[in-house]
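**Student:** just coords:
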């Protein structure tokens, strides 16, 4: 399958309850993560995570689908080329 780069923006709106699940999923898909930048905002109980992935469409869909099922998490994906 064709691999390409994707940018994934993750907003964790309920950091206290959702962050552990998000980290577990990111660890599960660590082999396709090329860059990860996290910006915690503890005063607002949220976090913003930016990922650059190199993967096929099915893998990206699997990760973002699982992230999207976590309560208090929003995910946006943008393919590059």
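**Tutor:** Arrived safely, thanks for sending. Please read these numbers as outputs of a predicted model, since none were measured by experiment.

**Student:** nearest residue to the most centrally placed residue in the chain other than its sequence neighbours?
**Tutor:** Most central in the chain under Cα atoms, centre = their mean is residue 10, positioned 5.0 Å from the mean C-alpha point. Using Cβ to Cβ, 6 or more residues apart in numbering and skipping residues adjacent in sequence, the residue nearest residue 10 is residue 49, 4.1 Å away. Heads up, the C-betas are built off the backbone N, CA and C, glycines and all.

**Student:** okay, now residue 62: neighbour count?
**Tutor:** Per other Cβ atoms under 10 Å, the neighbour tally for residue 62 reads 15.

**Student:** can you give the contact residues for the helix or strand harbouring the residue nearest to the centre of the chain?
**Tutor:** Assessed by DSSP states H and E, residue 10 sits inside strand 4-12. Strand 4-12 has contacts (Cβ atoms under 8 Å, 6 or more residues apart in numbering) with 18-19, 22, 34, 46-56, 60, 63-64, 67, 72-81.

**Student:** burial count for residue 1?
**Tutor:** Neighbours of residue 1 using other Cβ under 10 Å come to 7.

**Student:** quick one: mean pLDDT for whichever strand or helix holds residue 47?
**Tutor:** Assigned by DSSP H and E, residue 47 belongs to strand 46-55. Average pLDDT, strand 46-55: 97.

**Student:** show me what it pairs with in its sheet, parallel or antiparallel.
**Tutor:** In the sheet, strand 46-55 lines up against strand 4-12 (antiparallel), strand 33-41 (antiparallel) (DSSP bridges).

**Student:** okay, those strands in TSV with distance to residue 27 next?
**Tutor:** What follows is the strands paired with strand 46-55, written out as TSV (distance: least, Cβ to Cβ, whole Å):
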stretch	distance to residue 27
strand 4-12	14
strand 33-41	9
